[in-house]
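A.B. asks: any chance you can model this:
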Amino acid sequence: MSAGSAVTSGSNTETVTGLADSTVVIVKGMAKTYVLDRVAADLARGFTHPATQRLSSLVATYPTDLDLRRRLAAVHRRVGNRIQAGRWDYLTIGADTEDTSAFERAFPSAANRLREVRWPHRASLAATAYARTRLERLVAAAEAERAARAAGWTARRAARAAGWTARRAARAGQRRRTVGARLRWMVAWVPRSIRRWNPPRLVVAVAGCAAALLVGLGAFTVIESAVRWFIH
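C.D. replies: As a prediction, this is how the structure comes out:
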């Protein structure tokens with residue numbers, strides 16, 4: 001059937017679409033089965049590294065397939081990699097407790113474990129009740145860690161701000177004490193009569209200075225007038 005006839009008839013279009021969808025499903029199924037057959041052949045010959053690579057690519061393509069995760073964990077367990085075995089078997093019921101403990105020791109943070117599990121969807125989409133419960137608890141623990149970390153950051157920022165305010169107040173007090181000490185040093189040099197605030201002596205001194213200034217101005221005026229008269 002040509003593409004033109006598929007566009008012309010609505011029923012033909014549905015038929016072609018149905019065939020295309022089924023073809024995609026069959027190809028995907030054959031590809032998955034083919035890769036699993038290759039994995040079995042690799043393991044039969046003792047080639048664990050290519051088997052691990054093939055299973056890792058399948059898990060990346062089908063991240064919600066718990067059976068593929070279990071197969072990948074089994075290969076890692078076969079080569080003695082307890083951490084990776086616990087990682088990919090983390091959602092499998094009846095997983096080896098030593099593998100799980102090794103994975104949790106390697107990633108003590110729940111947020112890091114959630115990232116390493118590589119679950120792309122909501123916990124409710126897991127195929128088994130055990131996996132759903134495991135994911136829900138892991139997500140809740142990761143969110144609690146994030147909230148505690150945010151609260152810690154807020155407390156540290158508040159402590160830094162309080163410390164900065166205290167240091168600024170201390171520096172201001174030090175400056176005030178320094179200025180006060182300098183003023184006291186300057187006042188120490190003021191004559192004793194003025195420091196004790198003796199009004200009569202102060203008034204007499206000011207009056208004497210004013211009189212001397214007036215006498216000087218008068219003498220200057222007389223001398224200037226005499227010079228002008230002599231010149232003219």
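A.B. asks: residues touching A144, list them.
C.D. replies: Shown in contact with A144 (Cβ atoms under 8 Å, 6 or more residues apart in numbering): A110. In short, each C-beta sits where N, CA and C put it, glycine included.
A.B. asks: figure out the helix or strand that it lives in.
C.D. replies: helix 129-187 (DSSP states H and E).
A.B. asks: for that helix, what is the distance to the chain centroid?
C.D. replies: 16 Å (Cα atoms, centre = their mean, to the nearest Å).
A.B. asks: state the pLDDT value of the residue nearest to S109 when sequence neighbours are not counted.
C.D. replies: Spatially, and ignoring its direct neighbours in sequence, S109 is nearest to E145 (6.3 Å; Cβ to Cβ, 6 or more residues apart in numbering). Per-residue confidence (pLDDT) for E145: 88.
A.B. asks: E145 and R113 touch, don't they?
C.D. replies: No. Under the criterion of Cβ atoms under 8 Å, E145 makes no contact with R113, lying 10.3 Å away.
A.B. asks: between these two, tell me which one has more neighbours.
C.D. replies: Between E145 and R113, counted using other Cβ atoms under 10 Å, R113 has the larger neighbour count: 19 against 15.
A.B. asks: any idea how this protein splits into domains?
C.D. replies: 3-106, 199-231 (automatic domain parsing).
A.B. asks: pick the most buried one from those domains.
C.D. replies: Among the domains of the chain, ranked by average contacts under mean count of other Cβ atoms under 10 Å, first place goes to domain 3-106 (a mean of 15).
A.B. asks: so where is this structure shaky, pLDDT-wise?
C.D. replies: Counting by pLDDT under 70, the chain has low-confidence residues at 1-30, 179-202, 204, 232.
A.B. asks: what's the nearest residue to T52 if we skip its chain neighbours?
C.D. replies: In this structure, T52 finds its nearest non-sequential neighbour in V75, 5.2 Å apart by Cβ to Cβ, 6+ apart.
A.B. asks: confirm for me that that neighbour is in contact with D42.
C.D. replies: No. With contact defined as Cβ under 8 Å, V75 does not count as touching D42 (9.2 Å).
A.B. asks: now for the two: what residues contact both?
C.D. replies: Joint contacts of V75 and D42 (Cβ under 8 Å, 6+ apart) are 48, 51.
A.B. asks: measure the residue nearest to T100 when sequence neighbours are not counted to A162 for me?
C.D. replies: Of all residues not flanking T100 in the chain, G86 sits nearest, at 4.6 Å (Cβ to Cβ, 6+ apart). From G86 across to A162, the span is 44 Å (Cβ to Cβ, to the nearest Å).
A.B. asks: by contact count, what packs against whichever helix or strand L214 is part of?
C.D. replies: Per DSSP H and E: L214 is located in helix 199-231. If you count contacts as 3 or more Cβ pairs under 8 Å, 6 or more residues apart in numbering; DSSP states H and E, helix 199-231 packs onto helix 192-195.
A.B. asks: look up how far K32 lies from T61.
C.D. replies: Relative to K32, and taking Cβ to Cβ, T61 is found at 8 Å.
A.B. asks: cool, and G163?
C.D. replies: In terms of Cβ to Cβ, G163 sits 60 Å off from K32.
A.B. asks: hang on, the earlier thing: output the strand or helix carrying the residue nearest to T100 as PDB, nothing but the C-alphas.
C.D. replies: G86 belongs to helix 82-88 when assigned by DSSP H and E. Only the C-alpha atoms of helix 82-88 are listed here, as PDB (Å, rounded to 0.1, in the frame of the first residue of the first chain):
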ATOM      1  CA  ARG A  82      28.800  -5.700  45.700                       C
ATOM      2  CA  ILE A  83      28.000  -1.900  45.400                       C
ATOM      3  CA  GLN A  84      26.700  -2.100  41.900                       C
ATOM      4  CA  ALA A  85      24.900  -5.300  42.600                       C
ATOM      5  CA  GLY A  86      23.100  -3.600  45.500                       C
ATOM      6  CA  ARG A  87      22.400  -0.600  43.400                       C
ATOM      7  CA  TRP A  88      20.600  -2.500  40.600                       C
END
